[in-house]
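Novice: fold the following for me, if possible:
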Amino acid sequence: MEKAKMSEGTFTPELIEEMRSKIGLKLRVEDAIFNEEATRTAIRKFADGIGDPNPLWRNEEYAKTTRYRGIVAPPSWILSVLSLIQFGWRGLGGFHSGSEFFFYKPVMVGDRITPEERFTGFEGPKPSGFAELMAVDYYENLYFNQNKETVCRAVLWVIRTERKRAREKGKYHSVKIPHPWKEEELKKIEQEVLCEEIRGSNPRYWEDVQIGDDLPTLVKGPLGFTDMIAFFIGGGSPVKLEAHSVALQKYRQKPQWAFIDPQTSALEPIFAVHYNRSASNAMGLPYPYDVGTQRHCWQIQFLTHWMGDDGWLKRCRAEYRKFVFLSDVLWIKGIVKNKYVDEDGEYCVDIETSATNQRGEEVMPGDATVILPSKEKKIWPLDRRL
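Specialist: I've put the predicted structure just below:
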């Protein structure tokens with residue numbers, strides 16, 4: 001298959017100094033915002049896009065019976081407001097490689113969310129097994145509701161590499177993509193996918209949790225094109241996908257944002273590496289792959305399923321290691337590592353999470369802190385946040 005032709009930048013002293021001069025810069029986010037208001041439709045589309053059937057996000061009658069007294073957005077919904085603006089490093093490829101989220105307030109139907117993003121610095125260039133050299137960019141995002149309250153703080157990091165060096169090294173060229181699944185394997189996976197456990201209205205009390213407890217496994221995949229499209233429709237794309245003259249005007253202003261697809265002759269955004277094989281080949285990869293935050297949404301779904309309607313996800317961190325290609329399956333697991341009462345008198349549980357693909361590779365190590373209700377003290381974490 002003919003490869004797409006993209007800009008071929010390199011790490012030069014001038015480019016490094018240019019990026020150093022941008023540290024601390026508050027980025028313009030207006031053109032990157034997808035959702036601003038948490039409508040029922042916006043919340044449902046996002047939940048559909050990450051494949052989260054929790055009735056708390058979508059069923060009005062059910063949600064009225066909870067402490068929220070109505071539909072609430074999943075914690076990951078803030079990514080549909082603003083995910084990540086990638087800028088700078090002209091001509092280099094970028095891979096979102098990890099995030100840590102701190103959640104302070106729920107997003108309810110009718111809330112309006114305003115985001116901010118700041119470039120806080122970078123490391124490198126330093127050695128890379130994928131493309132010989134890489135730099136790691138760091139960003140901080142803040143999300144505010146209409147009452148000027150901070151809903152969420154996010155720390156995100158992105159790897160920058162030279163496309164030509166990545167193609168030459170060919171680290172992933174030996175991977176069998178798409179994965180050669182057998183019919184009986186797919187039937188077993190479908191059963192596992194449909195066995196996801198949602199704790200829901202049955203409170204999980206802190207006193208009932210023990211260190212060493214395993215969380216029920218959440219299975220995702222095989223990842224397909226429609227899974228990607230649904231994620232983008234819900235607002236999960238870190239770039240706004242635009243069409244025809246609207247897109248062309250942007251590409252004329254920023255030619256390096258787009259390439260000509262050798263199969264269709266259409267201009268496509270660089271972001272098409274997630275669904276266009278020619279684009280992913282130009283980045284040095286054999287096949288299209290998931291969006292990093294898409295994977296993180298699954299970790300958050302895994303955690304909210306376990307904690308139930310009365311728990312609160314305080315923070316979660318995940319590293320997006322390796323690539324999750326279309327046709328891959330992930331088994332997301334977790335184990336309770338600690339439980340304690342924190343300095344605010346809240347009943348916390350620390351959880352270590354993992355996500356393993358069918359090749360036995362760990363693709364998303366992570367950890368999280370969940371606050372649970374106390375049966376003995378009759379303390380409910382949502383009382384402080386609603």
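Novice: all helices for the chain, in order.
Specialist: In the chain, the segments counted as helices under DSSP state H are 13-20, 40-50, 60-64, 163-169, 183-193, 225-233, 244-253, 277-282, 292-307.
Novice: what's the most buried one of the ones you listed?
Specialist: helix 292-307 (a mean of 25; mean count of other C-beta atoms under 10 Å). (Each C-beta comes from the backbone N, C-alpha and C, glycine too.)
Novice: next, the angle helix 225-233 makes with it.
Specialist: 90 degrees (axes from the mean of the first three to the mean of the last three C-alpha atoms, to 10 degrees).
Novice: for helix 292-307, name the packing helices and strands.
Specialist: Packing contacts for helix 292-307, counted by 3 or more C-beta pairs under 8 Å, 6 or more residues apart in numbering; DSSP states H and E, involve helix 40-50, strand 93-103, strand 214-220, strand 312-319, strand 330-341, strand 347-357, strand 366-372.
Novice: and the angle from that helix to strand 347-357?
Specialist: 130 degrees.
Novice: so where's the stretch 151-300 of the chain uncertain?
Specialist: In the predicted model of the stretch 151-300 of the chain, no residue satisfies pLDDT under 70.
Novice: that older thread, any chance of the helices of the chain in CSV, plus distance to residue 82?
Specialist: CSV is the format used below for the helices of the chain (distance: least, C-beta to C-beta, whole Å):
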stretch, distance to residue 82
helix 13-20, 21
helix 40-50, 13
helix 60-64, 25
helix 163-169, 26
helix 183-193, 30
helix 225-233, 15
helix 244-253, 17
helix 277-282, 23
helix 292-307, 11
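Novice: closest one to residue 89 among those?
Specialist: helix 13-20 (6.3 Å; C-beta to C-beta).
Novice: end to end, how far does stretch 78-92 reach?
Specialist: Start-to-end span of stretch 78-92 (C-alpha to C-alpha, to the nearest Å) is 27 Å.
Novice: buried residues in it?
Specialist: 78-89, 92 (16 or more other C-beta atoms under 10 Å).
Novice: hmm, back to that, between the helices of the chain, which one is nearest to residue 263?
Specialist: helix 277-282 (6.4 Å).
Novice: looking at this protein, which strand is longest?
Specialist: strand 114-128 (DSSP state E).
Novice: packing partners for it?
Specialist: helix 13-20, strand 132-144, strand 150-161.
Novice: angle of that strand against strand 132-144?
Specialist: Using the same axes, to 10 degrees, strand 114-128 lies at 170 degrees relative to strand 132-144.
Novice: give me the distance from strand 114-128 to the chain's centre.
Specialist: In terms of C-alpha atoms, centre = their mean, to the nearest Å, the centre of strand 114-128 is found 17 Å from the chain centre.
Novice: also stretch 196-210?
Specialist: Chain-centre distance of stretch 196-210: 25 Å, with C-alpha atoms, centre = their mean.
Novice: the closest residue to residue 141 other than its chain neighbours: what's it in contact with?
Specialist: Nearest residue to residue 141, sequence neighbours excluded (C-beta to C-beta, 6 or more residues apart in numbering): residue 154, at 4.2 Å. Contact partners of residue 154, counting by C-beta atoms under 8 Å, 6 or more residues apart in numbering, are 78, 99, 100, 101, 102, 140, 141, 142, 143.
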